[in-house]
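Asker: Take a look and give me a structure for this.
(2 chains)
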Amino acid sequence: MTPLLDRSTHNPWVAHSARIEDICSEVPGVATYDLAFDNPDVASDYRFEPGQFNMLYLPGYGESAISISSDPSRQGTLSHTIRVAGNVTQAIARKNRGDHIAVRGPFGSSWPVDSYRGNDVVIACGGIGLAPLRPAIYHILNHRAEYGRVILLYGARTPKDLLYTSEYDAWRDKGLEVEVTVDIGDSDWRGHVGVVPVLFYRLRLQAKQTVVMTCGPEIMMRFVVFEALARRVHPEDIFVSLERNMSCAMGFCGHCQFGPHFVCKDGPVFDFQQVAPFFNLEDL
Amino acid sequence: MASNQIAVGSSLSIDPTQMQALIDTLRGSGYRTVGPRIADGSIVYADLASTDQLPIGYVDRQDGGLYRLEKSEGAGYFDYVVGPHSLKNFLFPPRETLLESIRTNGTWQMAPPEIDPTPLAVIGVRSCDLHALSVQDKVFLGGPYVDPGYKARREKLFLVAVNCRRASATCFCHSMNTGPAVNQAFDLALTEVDGRFVVEIGSPAGAEVMAKIESAPAPEPLVERAKGISAELKERMNERDEVPYSQQQGVRQRHMDTSNIHDLLLSNLEHPRWADVAERCLACGNCTLVCPTCFCASVEEVSDLTGDNVRRERAWDSCFNAEHSYMNTGTVRKTIASRYRQWLTHKLATWIDQYGTSGCVGCGRCITWCPVAIDLTEEVAAIRGDQP
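Answerer: Sure, this is the predicted structure:
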């Protein structure tokens, strides 16, 4: 019989056990899980790019595709911000610090943060859609001098649903313009009320040197793309992160197809030109 | 004849009685032998130990939603065409364990099952299925990830192909450039001619097997006659293209105009024909199960009652199921129209973007096994017909 580790390393279906180092409750139904691989070799080899995702696995429940929300430059730190939505994420929500979860990854394409050095960056996201963009924010702020204006347009349903609010001031201090909006305010809310694409109205963009990265509900992204195009940002400089049913993350299972693309391996991050012919079709 | 005397690309001639020797030799070399056999009224691939088990003298009658086997005067060993099974059933089995997890004292140990398949020899494979095999090779072996189970089975595969002497009404390999002549990825290719089999050697492994069987070099005229059989069949199939479906009488003789088909379909994603076909389609998924290239699969958790022993199992799935596109926000393809559109545009158009080849090999299985006789060649023709 082949030694276990040997077989595992060559088999892309094998998940690696990781310990839950910390759990940070973010907003109702959403928490961030910091993971550390049990196997030190796996831990030291592990690298990811902003925007990539892992398949998180609990035996008996299944796998769920979850984007990585930590700083890619901080080796050994691997965080996932997870909203309780289905079978697997419910089971994850019952886990405690010190429990284990299995991880396959990283998978997928990434935000092109390095290709756009010297440019202005607009990050537009809604709800949990900020999670896959947080690694991009960290990366850009770590290399802040190499970028022009960097703007975060972020929205959620209510003020209580806004993610990572404790970090906004630190981000602002490092040179991120943060504009936040909610669909429904409360008595303490003094900020914008309305949808994310509306935040574009007040921006004065230098279209030719601007890249837009967006992640959120598909309907939000459609209007973000619309607003960006209306301001003459080039379609190839607009990046969207799509969500589809991803069961294998390797292009084998066929579930995540979006036109000619497998969202798992060709995406989840696409430049708008790649997906434009299919972006506004119902039931595709 | 010693195997070093048998060149790849050369042809030998064997007496049909040597078919048994071929099966025995393969079995003696450690292969599980599988070939065409009758089961439940159709010809499937099943374990084959004796030529007595072959459906010699049978032909199949196929049409939309129709498959009948009949004895036919003068029919040879392999004069039926394809049944519901294909190589997919063996290389990408309907259900397969990917990972096994065992929990002891609260800690999970996870490992893939040992992958050590029995070498498999498949007898009677047609050209369309060899092309389907190379399509699935691209899916499971050709990308950034390699499927370990598929790879292991593929490396231990021995293929005894057969050149078709007849086509059914549902066959349209001539349209897809996938047949009828066997021209790739075989170890041995048989053509039944003048009461003998001409055996073309396709690989060193094929030569090795033939060295153990009584044979004679095939005389050039016999080889030419063997080649002529496929060529003549292709001629006859090509004649179908001359008659549009609207002018055909009787059983429709399938063909498909594939010119510019990628752009044709992708520029008609909102064509009314999708709603039309959805009126007929039951979304049963039969077409995807019999298709030799369809590769969609779900991954399921199978656990014992203690919950301590869990297997991850891959099982064939179909883009006609609502769950196929299910996310926590709901099902993306909510309508049958959108699912049929996904299947057809993937098969014939976006497959080309993904793998550089069509996903259709013209075997016609999806037409035959559709319970309501939906015919993809007709759907394409209809969409093409509405083009200005």
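Asker: what stretches of the chain score poorly on pLDDT?
Answerer: All of this refers to chain A. Across chain A, the ranges flagged by pLDDT under 70 are A:1-9.
Asker: Sorry, I should have been clearer: chain B.
Answerer: Counting by pLDDT under 70, chain B contains low-confidence ranges at B:1-3, B:386-388.
Asker: so where's the longest strand in it?
Answerer: Ranked by number of residues, the top strand in chain B under DSSP state E is strand B:95-104.
Asker: does residue A:49 sit in a helix, a strand or a coil?
Answerer: Following DSSP: H, G, I helix; E, B strand; the rest coil, residue A:49 is assigned to coil.
Asker: how near is the closest residue to it other than its chain neighbours to chain B?
Answerer: Using C-beta to C-beta, 6 or more residues apart in numbering or on different chains and skipping residues adjacent in sequence, the residue nearest residue A:49 is residue A:110, 3.4 Å away. Every residue, glycine included, has its C-beta placed from N, CA and C. Per C-beta to the nearest C-beta, to the nearest Å, residue A:110 is found 14 Å from chain B.
Asker: Assess the claim that residue A:110 and residue A:53 are in contact.
Answerer: No - under the criterion of C-beta atoms under 8 Å, residue A:110 makes no contact with residue A:53, lying 10.0 Å away.
Asker: neighbour count winner among these two?
Answerer: Neighbour count, other C-beta atoms under 10 Å in any protein chain shown: between residue A:110 and residue A:53, residue A:53 has more, with 27 against 23.
Asker: is it true that that one touches residue A:109?
Answerer: No - using C-beta under 8 Å, residue A:53 makes no contact with residue A:109, being 10.1 Å away.
Asker: can you list residues touching both of those two?
Answerer: Listed contacts common to residue A:53 and residue A:109 are residue A:268; contacts here mean C-beta atoms under 8 Å, 6 or more residues apart in numbering or on different chains.
Asker: Please report phi then psi for residue A:145.
Answerer: For residue A:145, the backbone dihedrals (degrees, to the nearest 10) come out as phi -70, psi -20.
Asker: residues contacting residue B:140?
Answerer: A:252, B:91, B:92, B:146, B:147, B:150, B:151, B:154, B:295.
Asker: Please pick the buried ones from these.
Answerer: For the contacts of residue B:140, a burial check counting by 16 or more other C-beta atoms under 10 Å in any protein chain shown picks out A:252, B:91, B:92, B:147, B:150, B:151, B:154, B:295.
Asker: where does the first one land in three-state SS?
Answerer: Classification of residue A:252 using three-state DSSP returns coil.
Asker: Dihedrals phi and psi, residue A:53?
Answerer: Phi and psi for residue A:53, reported as degrees, to the nearest 10, are phi -130, psi 160.
Asker: ok, so what distance separates it from residue A:63?
Answerer: Counting by C-beta to C-beta, to the nearest Å, the gap between residue A:53 and residue A:63 amounts to 11 Å.
Asker: coming back round to it: now the residue nearest to residue A:49: how far from residue A:166?
Answerer: As defined by C-beta to C-beta, residue A:110 lies at a distance of 26 Å from residue A:166.
Asker: re earlier: switch the buried ones among the contacts of residue B:140 over to CSV; also include secondary structure and distance to residue B:339.
Answerer: Below are the buried ones among the contacts of residue B:140 laid out as CSV (DSSP: H, G, I helix; E, B strand; the rest coil; distance: C-beta to C-beta, whole Å):
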residue, secondary structure, distance to residue B:339
A:252, coil, 20
B:91, helix, 26
B:92, coil, 21
B:147, coil, 25
B:150, helix, 26
B:151, helix, 30
B:154, helix, 30
B:295, coil, 16
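Asker: which one of these sits closest to residue B:269?
Answerer: Set against residue B:269, the nearest of those by C-beta to C-beta is residue B:295 (22.3 Å).
Asker: The residue lying closest to the closest one once chain neighbours are set aside: neighbour count?
Answerer: Closest residue to residue B:295 apart from its sequence neighbours, by C-beta to C-beta, 6+ apart: residue B:139 at 5.0 Å. A count of nearby residues for residue B:139, using other C-beta under 10 Å, gives 21.
Asker: who's in contact with residue B:59?
Answerer: Neighbouring residues of residue B:59 by C-beta under 8 Å, 6+ apart: B:69, B:70, B:72, B:75, B:79, B:80, B:166.
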